[in-house]
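**Q** For reference, the sequence and a predicted model appear below.
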Amino acid sequence: MVLGTTWRRNSEEANTEDERERMRTGRALNGHSIPAFSVPPAESSALVLPPSARRLDAIRGLAKRARENCRAKLDAVNEPNRLNPVWPRPRIRPRIDIDQLTQSAVLPKIQDTMVFVNLLRNASLKDSIAKLSDDVLDRLHNPHREPVPQSISMYLALEHSSQDAYNRICRATTRNFESAEGVDEMLSFYAIEKFIAKYTGVESLHKKFVTIPIGPQLQAIYRDSESARNMLYLHERTQDIFAELERTGTIPIIDGIATRYDYLDMALDGHLEENDVVLMVSLDGAQLYESKQSDCWMYIWVIVNLAPNKRYHKIHVHASRDARFISDIHLLYTTADGPGLVYCDGMLGHSGKNGCRLYCVVRGRRKTHGSHYYTALLKTQRCAPGSGHPDIQVFKIPPGGSDEYAENLHLLVASPNQRQLDKNKIDTGITKPPLLLGLKTSHCLGVPHCMTSDIMHVAGNLSDLNISLWRGTMDCGPSDDMDSWYWAVLKDRDAWEAHGGLIEEAGPYLPGSFDRKSRNIAEKLNTSYKTWEFQLYTFGLGPALLYGVILQLYWLNYCKLVLGFQLLCQHRITTEDLRHAHVLLCNWEREFETSQPPCSQNFKKGTSDLDYAQWNMERTIGNIGQQIRQLSNPYANLSQGGLRRCQVNTLLSVLPELDEPPKGFPQGSVDLGEKYALLRKRDLYFHLPDPEHTKVIARFLGGRALHRIKKWARLLLPNGQIARSAWRETIKTLEKIRISRNVKIDLDGQIRFGEILYFPRLSVEADPGDEEDWQFVNVALLQLYSTPRQLAFASCTHLDEFCVFDVEKIRSVVAMAPHTLTLPSGVTEPRFFMMERPGPDISNLGVPYQGYLDAEDDLDDLE
């Protein structure tokens with residue numbers, strides 16, 4: 001293992017940039033077992049190298065062999081196999097000569113675009129276009145800290161209040177505490193905002209699009225020791241992956257960007273230093289008005305260096321050692337909805353002939369006399385000329401980033417006239433050179449590799465597709481008869497409204513940790529139905545509510561989509577589950593095309609994009625939108641709100657002591673360890689359990705004496721969910737609660753489901769020989785559900801069977817919603833279907849579940 005000081009000294013002694021690049025590669029692989037390397041003996045004294053040169057050669061050899069070793073093992077994991085989608089085959093980045101591309105441009109619009117590409121390519125902090133103030137530039141080069149006025153705490157406390165409220169409190173403080181220390185330093189609202197802007201270095205650049213530079217915000221994170229330590233997560237996770245590869249030759253758990261082949265390829269190339277910053281950018285449109293369109297776009301930066309549970313916090317939308325260093329910024333992925341992505345990638349969009357956002361080689365098909373291309377893999381009888389290519393096997397679809405991109409881009413840019421340009425746009429799927437071409441290839445995956453799918457919009461699009469088919473509202477050709485659509489089971493108005501009622505009735509059975517519950521879709525579909533509600537319905541409630549409604553053929557196909565999607569929503573997924581999801585989704589697509597009309601969705605290419613969802617982007621739009629007080633100039637107000645959010649985040653990164661301290665467990669709770677905690681309500685007095693419960697608890701104690709107990713109402717789980725109990729929930733009406741007492745448990749290696757009655761703490765003798773040595777055993781009393789029936793969803797009956805088990809066997813809180821099931825024998829019986837929260841670590845990152853607080857109970861026997 002080579003110390004950091006040795007690396008830095010050798011780097012300073014390096015004579016060329018090539019030597020430094022090789023040494024960075026070795027540093028990226030630091031800490032791994034490397035095959036022995038020895039410098040061959042010199043043939044003569046004339047060839048003897050000085051110690052520094054021999055040391056440099058040794059480092060080169062070590063880095064080269066280590067890199068080849070890791071890459072060989074990564075490629076072995078990635079051996080081409082139609083059932084092994086864990087990583088796509090290595091993607092060769094397109095080699096694009098920007099100078100040659102610029103010279104080949106003929107048309108004025110293309111030439112203008114290339115001017116912008118070259119401006120970005122040659123951008124620097126000192127050029128006239130950046131227009132950064134001298135203060136900002138000075139802070140970027142010379143970070144420093146200075147005292148902050150006392151009134152800054154008051155500004156942060158009143159962040160969402162009006163300027164008048166701040167100024168009134170300042171005047172009241174000055175008047176009431178006239179002689180207090182520091183009161184004469186109170187700043188006006190204008191002065192405090194000027195101070196924050198100067199202190200953080202965060203300012204906006206006003207062109208047609210308001211830009212808030214990311215540099216000062218990133219620099220601020222490294223000015224606090226704890227924040228700087230958090231930024232090492234990606235580097236440390238990368239080292240763990242390399243170590244796992246060398247030890248086992250595989251990566252068993254896929255848990256985010258660090259396990260992606262594109263990222264690992266960059267790390268193995270030696271482009272990523274320990275202190276470099278890796279970013280993702282997320283772009284989305286915002287609807288500012290309720291009844292009219294608004295062309296408003298917002299973007300956020302996601303700092304990939306942070307762990308996922310910190311990456312999506314508001315304050316994150318290294319002073320661990322006293323040192324100054326230069327951090328390079330790397331852009332990894334760009335996420336956006338369909339319209340937004342067109343601005344980034346310069347492509348035609350999903351309705352084009354080559355409409356894949358990942359730019360694979362799959363071409364769309366167009367109906368005769370139609371203008372819209374569909375991603376139909378199977379050839380149909382009514383294809384227009386040029387769309388009649390042979391069937392495409394879904395298991396053989398290549399990864400995104402076709403090798404043809406560079407050639408097609410040159411073809412488009414060199415178009416001699418407008419007519420040829422329009423033709424080339426259709427043929428290539430490219431409309432213009434993207435501005436991202438101006439970024440360094442060593443600091444960006446480049447187009448099209450940096451373009452990726454987004455699981456949130458996929459959920460919304462697939463929901464819209466299926467609902468349109470079930471309702472029979474999708475447009476069809478003149479030769480198609482909608483009466484022959486056997487899958488359109490909800491086209492009747494009464495059937496649709498009854499189905500919406502069932503969705504609404506299931507709402508109270510979805511725990512509060514599921515966030516927003518699904519409302520009546522028949523009433524809210526065309527007005528305010530949220531993407532999260534679509535996901536809960538389509539990929540949670542749908543299989544149970546549509547069982548026996550849709551024909552078995554279509555229902556089974558739909559369930560393959562649901563199960564594959566649910567697997568991908570997991571934040572951590574095993575390679576086996578990923579392969580399973582891949583097979584399910586491929587089979588769903590193939591069966592879907594053969595049994596139902598072709599659609600414009602192709603989900604298969606997104607089966608390994610686990611860490612990309614725009615829930616954080618949606619929440620940012622909502623947070624900033626809520627701060628708008630005056631609707632007369634919403635665009636300016638929204639921009640100012642975004643700037644203020646960036647300035648406050650930067651300030652809290654530098655001075656985290658100004659932020660609200662993290663809340664611990666509420667008063668009266670008991671920390672059980674391993675991130676479990678008992679939460680009140682709790683019995684005020686000790687008592688013996690009911691006779692039926694006493695037998696079950698006594699059986700658990702195995703002959704030890706059962707003493708009086710106090711019931712506890714709630715249990716905090718390590719995943720942040722709170723399991724409640726029938727003891728407290730059943731005293732409220734169904735309309736006033738979100739049932740959270742049903743849990744998934746691990747009983748002797750078997751997954752079961754049950755309803756928590758309450759949590760007793762059992763006092764037992766730790767040492768039978770010592771009457772004064774007592775300890776608590778923390779358990780749950782539960783009423784079991786039956787073993788799930790083998791359907792595409794878990795369907796259970798409520799058993800008259802009780803059990804007691806250690807609370808650490810509880811895995812999660814689930815929904816158990818009532819439904820009526822007709823068995824193959826024709827018998828109809830009431831049952832419960834189980835639903836888990838989809839993607840708990842994706843959509844809820846950075847959004848704490850406020851489940852600690854309970855409504856006060858007007859009872860005197862509780863505390």
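**A** Sure thing, it's come through.
**Q** ok, Gly642 touching Ile212?
**A** Yes - counting by CB atoms under 8 Å, Ile212 is a contact partner of Gly642 at 6.5 Å. Quick note: C-beta positions are derived from backbone N, CA and C, even for glycine.
**Q** Confirm for me that Glu593 is in contact with Leu377.
**A** Yes - contact criterion CB under 8 Å: Glu593 and Leu377 qualify, at 6.2 Å.
**Q** which of these two has more neighbours?
**A** With neighbours defined as other CB atoms under 10 Å, Glu593 and Leu377 compare such that Leu377 has more, 20 against 17.
**Q** my guess is the more buried one is in a helix, correct?
**A** No - checked against DSSP: H, G, I helix; E, B strand; the rest coil, Leu377 lies outside a helix; its state is coil.
**Q** What are the phi and psi values at it?
**A** Main-chain dihedrals, Leu377, degrees, to the nearest 10: phi -80, psi -30.
**Q** Which residue, other than its chain neighbours, is closest to it?
**A** Closest residue in space to Leu377, ignoring its immediate chain neighbours: Ile392 at 4.3 Å, by CB to CB, 6 or more residues apart in numbering.
**Q** So for Gly642 and Ile212, which sits in the more crowded spot?
**A** Using other CB under 10 Å as the criterion, Gly642 and Ile212 rank with Gly642 on top: 21 against 18.
**Q** Reduced to three states, what does that one come out as?
**A** Assignment for Gly642 (three-state DSSP): helix.
**Q** The closest residue to it other than its chain neighbours and Val447, how far apart?
**A** Leaving out its chain neighbours, the residue that sits closest to Gly642 by CB to CB, 6+ apart is Ile624, at 5.7 Å. Ile624 is 28 Å from Val447, where distance means CB to CB, to the nearest Å.
**Q** Now do Pro143: how many residues are near it, please.
**A** Residue neighbour count, defined by other CB under 10 Å, stands at 16 for Pro143.
**Q** That one reaches Arg223, doesn't it?
**A** Yes - using CB under 8 Å, Pro143 is in contact with Arg223, at 6.2 Å.
**Q** Confirm that Tyr558 lies within a helix, as I assumed.
**A** Yes - looking at Tyr558 with three-state DSSP, it is inside a helix.
**Q** In this structure it contacts Ile550, no?
**A** Yes - taking CB under 8 Å as the definition, Tyr558 is a contact partner of Ile550 at 6.9 Å.
**Q** Give me the pLDDT value at Ala28.
**A** Ala28 is assigned 44 on the pLDDT scale.
**Q** By mean pLDDT, point me to the weakest helix or strand of this structure.
**A** Across the helices and strands of the chain, mean pLDDT, DSSP states H and E gives its lowest value to helix 840-843, namely a mean of 38.
**Q** Check which helices and strands the biggest strand by length in the chain sits against.
**A** Using DSSP state E to define each element, the chain has its longest strand at strand 750-765. Packing contacts for strand 750-765, counted by 3 or more CB pairs under 8 Å, 6 or more residues apart in numbering; DSSP states H and E, involve helix 691-701, strand 711-716, helix 726-729, strand 742-747, strand 774-785, strand 798-806.
**Q** just how off-centre is it within its chain?
**A** With CA atoms, centre = their mean, to the nearest Å as the basis, strand 750-765 stands 33 Å off its chain's centre.
**Q** What's the local residue count around the nearest residue to Glu146 once chain neighbours are set aside?
**A** Of all residues not flanking Glu146 in the chain, Tyr199 sits nearest, at 7.1 Å (CB to CB, 6+ apart). A count of nearby residues for Tyr199, using other CB under 10 Å, gives 21.
**Q** so Tyr199 is in which element?
**A** For Tyr199, the element it lies in under DSSP states H and E is helix 189-200.
**Q** And the closest residue to Glu226 other than its chain neighbours, how close does it get to Gly270?
**A** Counting by CB to CB, 6+ apart, Pro656 is the residue found nearest to Glu226 once chain neighbours are left out, at 6.8 Å. Here the criterion is CB to CB. By it, Pro656 lies 33 Å from Gly270.
**Q** Likewise for Cys796?
**A** Distance, Cys796 to Gly270, using CB to CB: 54 Å.
**Q** can you check Ile251 too?
**A** Noted for Ile251: a distance of 20 Å to Gly270, by CB to CB.
**Q** Equivalent analysis for Tyr263, please.
**A** Relative to Gly270, Tyr263 is positioned 14 Å away (CB to CB).
**Q** Ser528 too?
**A** Distance of Ser528 to Gly270, computed by CB to CB: 50 Å.
**Q** So between those two, which is more surrounded?
**A** It is Gly270, of Ser528 and Gly270, that has more neighbours when counted by other CB under 10 Å, with 20 against 10.
**Q** hmm, back to that, correct me, but the residue nearest to Glu146 touches Leu651?
**A** Yes - contact criterion CB under 8 Å: Tyr199 and Leu651 qualify, at 6.9 Å.
**Q** Asp683 pairs with what?
**A** Following DSSP bridges, Asp683 is listed with bridge partners Leu862.
**Q** Can you check my assumption that Arg519 lies in a strand?
**A** No - looking at Arg519 with three-state DSSP, it is coil, so not inside a strand.
**Q** ok, the spatially closest residue to it that is not a sequence neighbour - contacts?
**A** Taking CB to CB, 6+ apart, and ignoring the residues beside it in sequence, Arg519 has Glu504 as its nearest neighbour in space, at 6.0 Å. Residues near Glu504 by CB atoms under 8 Å, 6 or more residues apart in numbering: Ser518, Arg519, Asn520.
**Q** Now rank these by neighbours and give me the top one.
**A** Top of the contacts of Glu504 by neighbour count (other CB under 10 Å): Ser518, with 25 neighbours.
**Q** how near is that one to Phe565?
**A** 16 Å.
**Q** can you count the residues close to the closest residue to Asn557 other than its chain neighbours?
**A** Counting by CB to CB, 6+ apart, Asn557 lies nearest to Glu591, which is 4.7 Å off, once chain neighbours are set aside. Each residue near Glu591 was counted by other CB under 10 Å, and the total is 18.
**Q** Please consider this matter closed, and thank you.
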